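[1] have a look; sequence and predicted model below, questions after that.
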Amino acid sequence: FVWPCGTSFCTGPASNPVKQTFAGTNAFYLLLDHVSDGDVRSTMAAAAARGANLLRFFAFSNGPGSGNVVMAHPIQSSLGTFNEDALRRLDLVLAEARGAGLRVIMPLVNFEEEMGGMQWYVDAALGLNGDGTHKDKELFYSDARVKEAYWRYVSLILSRTNSLTGVRYAEDPTIFALELANEPHTSNRWEADRGRAPGALVKAWVWEMAARIKGFDGGYGGMVSTGEEGYRSDGDTADPHGAWINGGFKGVDFVGNTACPDVSFATVHGKGERERGRVERERERETERGGRWVGGWPPARAQARDHPDTCGWFSQSLSLSLPSHIVYPDNWEVPASDYAWVGPHYLADRAAIAHAAGKPLIIEEYGMKAGYGPGRDGLYSYMHAQAEELGIAATLAWAAYAWPVDEGPDSYNFAWGSPGTAALEARFGGVAAA
């Protein structure tokens, strides 16, 4: 296994550790119905040929899907009912990664609904309200029945033996880490609106589930992480963007989660475009009530007026319309001319927290829409330079494909050979030479 050695990652025995930096891309899509076995193979081959040594993909699929992501053959068609054919696709991903010399990070559920996320578990385990509305998604973190349903899937993954390699997942060093979720958080101000301490709900769940995975079957030897974006509930809220990323707006305690002894490393993503409007509405609501807004940034309308090139900072808009959100300097009310804000005001803070806890940090998702500021190569190069300067142990760009993909103005995806490729190849080459 790869293991954390201080603020770095190491391979080999503890008596003779070899420090190693990791770099690659996200390939969230590998379990989707329209992706063929051949596409899985080409994804691994293309990444390895360019020097990547790490990929991240969504290692779950629950229910029929929603929106543009419809799944005819999910791993979990109904609660506790698992599809062996779909699990064999997961086997293939691991087998092909192993053959290509790649490690993989595997998030085990999604906060959002696409591919069957936390709300799917809540609905399946608890049912709908009497009026047909959904129960709070936040019950995923606290209700014992929902937690056990999630754990049933996690334990299935840990105990599975790969049908192609014969290697038990819990013993497969191809798995760089299991992640508790893709971007665990709460709905906006969910705890604050109920008089609760922001970040406590998710933190309790992180500590419980990380301990259960590490204690599985006598002790899981691989790494575990949260998959979170990097929100704080106790940070500086004076910065124009600080109130909503540092003040508990999203119900995440980065400091507390990173401190969990069973969490092997910290991660940062971000939030974005879809959130910007929600925060603006929250601000207006508080103002109408005569209250003082404490959960956002200065008025977005004024920012857009003064900076017409503004797209913001953290977000993503996928060709499949998946609403995960990541480190993108084009989506946080930061104009293109100021994209370098991210280094000293965000990454440096999170790196300092992780390193103070004696743990590595991964920039797990970063990217941009076409046409933003420095261009994809320029932005990627900046992010890679920040990683080197701050001692960040791994980087994963969003999101490269081995076949043509929509690269329009609303997409963060790109095909190998498009802008961004050169910067990633330079990063991969530098990592290999280190």
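    All right, it came through fine.

[2] when you work out contacts or count neighbours from here on, use the C-alpha atoms and nothing else.
    Noted.

[3] can you tell me how far residue 66 is from residue 147?
    Going from residue 66 to residue 147 by Cα to Cα, to the nearest Å gives 22 Å.

[4] cool, and residue 262?
    18 Å.

[5] equivalent analysis for residue 224, please.
    For residue 224 relative to residue 147 (Cα to Cα), the value is 17 Å.

[6] neighbour count: these two, which is higher?
    Taking other Cα atoms under 10 Å, residue 224 and residue 147 do not tie; residue 224 has more neighbours (25 against 19).

[7] report the contact partners of the more buried one.
    177, 178, 179, 180, 210, 213, 214, 262, 263, 264, 265 (Cα atoms under 8 Å, 6 or more residues apart in numbering).

[8] please repeat the previous calculation with a cut-off of 7 Å.
    By Cα atoms under 7 Å, 6 or more residues apart in numbering, the residues touching residue 224 are 177, 178, 179, 210, 262, 263, 264.

[9] wait, the second one touches residue 107, no?
    This means residue 178. Yes - distance between residue 178 and residue 107: 6.1 Å, which falls inside the contact criterion (Cα atoms under 7 Å).

[10] pLDDT below threshold where in the stretch 301-434 of the chain?
    301-335 (pLDDT under 70).

[11] can you pull out the helices in it?
    342, 348-356, 375-390, 421-433 (DSSP state H, counting those that start in this stretch).

[12] could you dump those into TSV and include mean neighbour count?
    Shown next, in TSV, are these (neighbours: other Cα atoms under 10 Å):
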stretch	mean neighbour count
helix 342	19
helix 348-356	19
helix 375-390	19
helix 421-433	17
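
[13] which one of the ones you listed lies nearest to residue 13?
    helix 421-433 (20.2 Å; Cα to Cα).

[14] now do that closest one: distance to the chain's middle.
    22 Å (Cα atoms, centre = their mean, to the nearest Å).

[15] can you lay out the helices of the stretch 301-434 of the chain as JSON lines showing distance to residue 402?
    Formatted as JSON lines, those follow (distance: least, Cα to Cα, whole Å):
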{"stretch": "helix 342", "distance to residue 402": "29"}
{"stretch": "helix 348-356", "distance to residue 402": "32"}
{"stretch": "helix 375-390", "distance to residue 402": "17"}
{"stretch": "helix 421-433", "distance to residue 402": "12"}
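
[16] now do residue 363 against residue 247, distance only.
    Residue 363 is 21 Å from residue 247, by Cα to Cα.

[17] now render the contacts of residue 224 as CSV, adding pLDDT and distance to residue 114.
    Listed next are the contacts of residue 224 as CSV, based on pLDDT from 0 to 100; distance: Cα to Cα, whole Å:
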residue, pLDDT, distance to residue 114
177, 98, 22
178, 98, 19
179, 98, 17
210, 98, 23
262, 98, 28
263, 98, 25
264, 98, 27
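
[18] name the helices or strands packed onto the one helix or strand residue 47 maps to?
    Using DSSP states H and E, residue 47 maps to helix 37-49. When contacts are defined as 3 or more Cα pairs under 7 Å, 6 or more residues apart in numbering; DSSP states H and E, helix 37-49 sits against helix 84-100.
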